[in-house]
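the following block contains a protein sequence and its predicted model.
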Amino acid sequence: MNLPNMIEAKKRTKIPVKYNYYNIDKNDNFKGKKYFIRTYGCQMNVHDSEEIKALLESVGYQETLDMETSDLIILNTCAIRENAHDKVFGFLGRCKHLKKEKKDLIIALCGCMAQEEHVIDEILNKHKYIDIVFGTHNINELPNMLLEKINKTNINVYSKEGEVIEVGNLYKRDSKYSAWVNIMYGCDKFCTYCIVPYTRGKQRSRKSKDILKEIEELKNKGYKEITLLGQNVNAYGKDLENEITFSELLESVAKTNIERIRFVTSHPWDFTDEMIEIIAKYDNIMPYIHLPLQSGSNKILKLMGRRYTKEDYMNLFDKIKKQIKNVAVTTDIIVGFPNETEEDFNDTLEVVNYCKYDSAFTFIFSPRIGTPAAQMEDKTDLKVKEQRLQKLNELVNKYSLENNKKLLNTRQKVLLTEISTKDENKLCGYTETMKLVNVTCDKKLLGTIQLVKITDAKSFSLEGIIE
Ligand code: SAH
Ligand code: SF4
Ligand code: F3S
């Protein structure tokens, strides 16, 4: 078996190819067959699932939301923390049960977990009912794997070496109004706690001309919003010769005049003054920045390999707030990293008190096999870590609510993208600053940008009306 070696992954230079799969004909074997897909993890995985769906439908499969009647169940997995792993194996238990009743049901596992050696071992030893395993670089190989006669787990996770081949990708997008656009794959940062560089490989940027072409096409199809996607978007282009920078890319995208441009995730280390200027200059670049802090302690930041200090981060934050009008900033924070003391944790709280984030995703450190941080000695009790998380969450929620309350009785532009699942008379959408608003209005307004008066504010959402 040709599996990526976790340590070797760091040394690899040429990584994953994205293949064209248009050469796979519609196949009678797949006619009338139904697939069910469940996606875990980040936007990268959500977007990969859009590609998997398009690929399956291009060869004859149809999507079903009812797992019980499906012929193929796909789990697109995440490996970022231990609980992601537990959720998947919990769900697989249900699949195994279904397969007992329906012998020809095919169970496939893909995504980041499928790129982990120990998970493959676990599947081969304990979960033999899984038919197909494919990695984040092998999505295109799924139809062929489905065609092959299956009588044992078919594993195809290693990437073939070569250049990124760009032929125009096919997606079954979840939304008609807001679209993800990959600008790069993988990550080169190797933060010591993080599994992503091992599961998704080294950074590979797409060519800017291909990105712009995709955005023009989306605009022509009526998309109002695009989100440039990558683990480290502002390192865009650094892996290619003669390619433009992320700021230049942002400016070119702004000039397509698509109505709303977003981007996730930016790394503080790659955040330039030029980027701030461009965001401030164009109205169609949304004033919303997700800027992961991870920790406020310089000692911990160093152990994490984050490449900035608390002071660097706060300086950058000040520049962003000063130059971009009404900007909202959100973050990611890890508590309980190995060697984090009460003092280190207080440094994190200090930065939170300084930045007063619009919202934050907070996590307890989860050791990932194969990463340097998993080898570090960790003496802190889980109970202490949980207490820190709770304290942090209380602070974060307090600022979210305060920031949201400031919007009461103001008018905000909202792109209405969905009908509320809780109340049929409401549409949901996001403000320019990425705040979720439930709007009481006519359903005909779906897909439009409206000026909404904010009538109520909670920590995680707003309510609004159209006057
Ligand atoms: N590329 C992005 C985020 C990737 S993962 C960035 O660099 O910011 C999303 C978040 O998960 C991270 O920002 C981090 O806060 C969290 N995370 C990643 N690995 C983790 C781990 N081993 N334990 C706990 N949280 C982790
Ligand atoms: Fe992981 Fe760091 Fe890369 Fe983000 S920048 S994906 S945290 S290695
Ligand atoms: Fe998870 Fe992979 Fe995304 S590990 S967070 S699905 S890049």
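Looks like it arrived, so ask away. As the structure is a prediction and not an experimental result, all values here were calculated from the model. Numbers count the residues shown, from 1 in each chain. Ligands and ions are numbered 1, 2, ... in the order given.

just the strands from the stretch 351-467 of the chain, written as ranges.
Taking DSSP state E, counting those that start in this stretch as the criterion, the stretch 351-467 of the chain carries its strands at 359-364, 411-419, 426-431, 436-440, 449-457, 462-465.

same question for the stretch 51-200 of the chain.
Defined through DSSP E, counting those that start in this stretch, the strands belonging to the stretch 51-200 of the chain, from first to last, are 62-63, 72-77, 106-111, 132-134, 154-156, 178-182, 184-185.

that older thread, among the strands of the stretch 351-467 of the chain, which is nearest ligand 2?
Taking CB to the nearest ligand atom, strand 359-364 is the member of these nearest to ligand 2, at 11.0 Å. C-beta: built from backbone N, CA, C; applies to glycine.

show me what the closest one is packed up against.
On a contact count with 3 or more CB pairs under 8 Å, 6 or more residues apart in numbering; DSSP states H and E, strand 359-364 meets strand 328-335, helix 382-405.

which residues are contacting stretch 234-247?
With CB atoms under 8 Å, 6 or more residues apart in numbering as the test, stretch 234-247 has contacts from 183-184, 188-189, 202-205, 207-208, 230, 233, 249, 252, 263, 266-267, 270-272, 274-275, 277-278.

pull up the distance across it, start to finish.
The distance separating the two terminal residues of stretch 234-247, taken as CA to CA, to the nearest Å, comes to 8 Å.

then stretch 36-48?
End-to-end distance for stretch 36-48, by CA to CA: 15 Å.

any part of that stretch near ligand 2?
No: under the criterion of CB under 6 Å from any ligand atom, ligand 2 is not reached by stretch 36-48; the shortest gap measures 9.1 Å.

how close does the residue nearest to F36 when sequence neighbours are not counted sit to E50?
Beyond its immediate neighbours in the sequence, the residue positioned closest to F36 (CB to CB, 6 or more residues apart in numbering) is S70, lying 3.8 Å away. Separation of S70 from E50 (CB to CB, to the nearest Å): 18 Å.

how deep is D273 tucked in, by neighbour count?
The local packing count at D273 equals 11, with neighbours defined by other CB atoms under 10 Å.

state the phi and psi torsions of it.
Recorded main-chain torsions at D273 are phi -60, psi -40, according to degrees, to the nearest 10.

where does the closest residue to it other than its chain neighbours land in three-state SS?
Spatial nearest neighbour of D273, excluding adjacent residues (CB to CB, 6+ apart): K319 at 7.1 Å. Classification of K319 by DSSP: H, G, I helix; E, B strand; the rest coil places it in helix.

cool, N242 as well?
Remark: N242 carries the secondary structure label coil [criterion: three-state DSSP].

distance of it relative to ligand 1?
Distance of N242 to ligand 1, computed by CB to the nearest ligand atom, to the nearest Å: 25 Å.

just R81 next, same as before
Taking CB to the nearest ligand atom as the criterion, R81 is separated from ligand 1 by 5 Å.

quick one: contacts for the closest residue to I333 other than its chain neighbours?
Leaving out its chain neighbours, the residue that sits closest to I333 by CB to CB, 6+ apart is T362, at 4.9 Å. Going by CB under 8 Å, 6+ apart, T362 touches D332, I333, I334, V335, L389, L392, N393, V396.

want to throw the strands of the stretch 51-200 of the chain into a markdown table with mean pLDDT and mean neighbour count?
Rendered in a markdown table, the data for the strands of the stretch 51-200 of the chain read as follows (pLDDT from 0 to 100; neighbours: other CB atoms under 10 Å):
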| stretch | mean pLDDT | mean neighbour count |
| --- | --- | --- |
| strand 62-63 | 96 | 14 |
| strand 72-77 | 97 | 24 |
| strand 106-111 | 94 | 24 |
| strand 132-134 | 90 | 23 |
| strand 154-156 | 69 | 20 |
| strand 178-182 | 96 | 22 |
| strand 184-185 | 90 | 24 |
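
to ligand 3, which of those lies closest?
Among the strands of the stretch 51-200 of the chain, the nearest to ligand 3 by CB to the nearest ligand atom is strand 106-111 (5.8 Å).

quickly check: that closest one near ligand 1 or not.
No: in terms of CB under 6 Å from any ligand atom, no part of strand 106-111 sits within range of ligand 1; the closest distance is 13.7 Å.

does V46 touch A179 like I think?
No: the pair V46 and A179 fails to qualify as a contact (CB atoms under 8 Å) at a distance of 11.4 Å.

returning to what we had before: of the contacts of stretch 234-247, which belong to strands?
Among the contacts of stretch 234-247, the members falling in strands are M184, R204, S205, F263 (criterion: DSSP state E).
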